[in-house]
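Colleague: Below are the sequence and a predicted model; questions follow.
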Amino acid sequence: MLEDIHSTIKHEQELTMEFSFWNNKWENMDIGFHEPQANYFLQSHLADFNLPEHARIFLPLCGKTRDIAWLLRAGFRVVGIELIEKAVQQLFEELGVTPTITSMDNLTQYQADNIEIYVGDLFNLIPEILGPIDLVYDRAAIVALPQDTRTQYTQLIPHLALGAPQLVVTFEYNQAHLQGPPFAVDNQELTRCYETTYSIKKLASRPAEDLKQRRKVDGMETAWMLTAIS
Ligand SMILES: C[S@@+](CC[C@H](N)C(=O)[O-])C[C@H]1O[C@@H](n2cnc3c(N)ncnc32)[C@H](O)[C@@H]1O
């Protein structure tokens with residue numbers, strides 16, 4: 001099943017387009033999605049998951065998010081994956097940590113105490129490389145992907161997570177008013193993506209101030225708890 005997902009997911013052309021899109025963003029530092037401090041919902045709702053001490057948290061499409069520094073300071077272990085190496089280099093520079101860098105088949109591992117970041121395409125990640133995790137934290141990952149890739153992403157994540165819950169942060173707005181990313185992902189869309197693999201509970205919602213300021217669109221930012229259906 002996992003092989004099916006990996007092999008049918010991507011045509012080379014799609015991958016190249018996706019790489020150039022995100023590479024341009026990082027080259028031009030057009031990274032309005034990057035928050036100046038740890039995400040509000042991460043800070044206010046991580047405790048709802050009752051994670052064990054030193055839990056291992058997976059951040060797909062992690063960029064150089066400040067959430068990582070916040071999680072490390074809180075005593076968690078972090079594993080992430082990010083397509084663009086420049087983002088990961090900046091992440092470690094900003095953490096003030098020198099990583100050990102290891103080339104693997106399709107991925108490059110940046111590793112230091114309590115942190116492992118893979119540079120490469122999420123769709124090249126397999127559970128054997130990722131290892132056991134206690135939580136998937138998806139901030140600006142599911143909403144970064146257009147619908148086809150989003151569907152593939154939401155098929156892959158449960159295979160990688162192996163039963164771990166998810167904290168997911170989404171944006172909801174009228175998609176006709178804005179070309180994503182970020183794409184609008186409302187309750188109905190989240191249900192379409194995950195109804196066979198997770199039960200979905202809304203944790204909290206607030207006006208998406210950042211969307212309003214940067215893109216002049218009214219919307220809501222919502223945090224969800226996804227619990228794996230066994
Ligand atoms: C909207 S940004 C969010 C970054 C981070 N989660 C945050 O909150 O700041 C999405 C990130 O996903 C990365 N990305 C896009 N497609 C990817 C893929 N297929 N595999 C791994 N990373 C990818 C992009 O380079 C970009 O840094």
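Modeller: Arrived safely, thanks for sending.
Colleague: Tell me the predicted confidence for His6.
Modeller: In this model, His6 is scored at 54, pLDDT.
Colleague: should've said Ser230
Modeller: Reported pLDDT for Ser230: 79.
Colleague: where exactly do the helices run in this protein?
Modeller: For the chain, applying DSSP state H gives helices covering 2-9, 12-27, 40-45, 67-73, 85-95, 127-130, 147-161, 187-194, 209-215.
Colleague: Out of those, the one nearest Lys202 is which?
Modeller: Proximity to Lys202 (CB to CB) singles out helix 187-194 among the helices of the chain, at 7.2 Å. For the C-beta atoms, the positions are set from N, CA and C on the backbone; glycine is no exception.
Colleague: Would you mind pulling the contact partners of that closest one?
Modeller: Ile142, Arg150, Thr151, Thr154, Pro158, Val168, Thr170, Val185, Ile200, Lys202, Trp224, Leu226 (CB atoms under 8 Å, 6 or more residues apart in numbering).
Colleague: Including pLDDT and neighbour count, could those go into JSON lines?
Modeller: Formatted as JSON lines, the contacts of helix 187-194 follow (pLDDT from 0 to 100; neighbours: other CB atoms under 10 Å):
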{"residue": "Ile142", "pLDDT": "98", "neighbour count": "27"}
{"residue": "Arg150", "pLDDT": "96", "neighbour count": "20"}
{"residue": "Thr151", "pLDDT": "96", "neighbour count": "14"}
{"residue": "Thr154", "pLDDT": "97", "neighbour count": "22"}
{"residue": "Pro158", "pLDDT": "98", "neighbour count": "19"}
{"residue": "Val168", "pLDDT": "98", "neighbour count": "27"}
{"residue": "Thr170", "pLDDT": "98", "neighbour count": "27"}
{"residue": "Val185", "pLDDT": "97", "neighbour count": "25"}
{"residue": "Ile200", "pLDDT": "98", "neighbour count": "16"}
{"residue": "Lys202", "pLDDT": "98", "neighbour count": "12"}
{"residue": "Trp224", "pLDDT": "98", "neighbour count": "24"}
{"residue": "Leu226", "pLDDT": "98", "neighbour count": "23"}
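Colleague: From the residues you listed, pick the one nearest Asp105.
Modeller: Using CB to CB, Pro158 comes nearest to Asp105 of those, at 23.0 Å.
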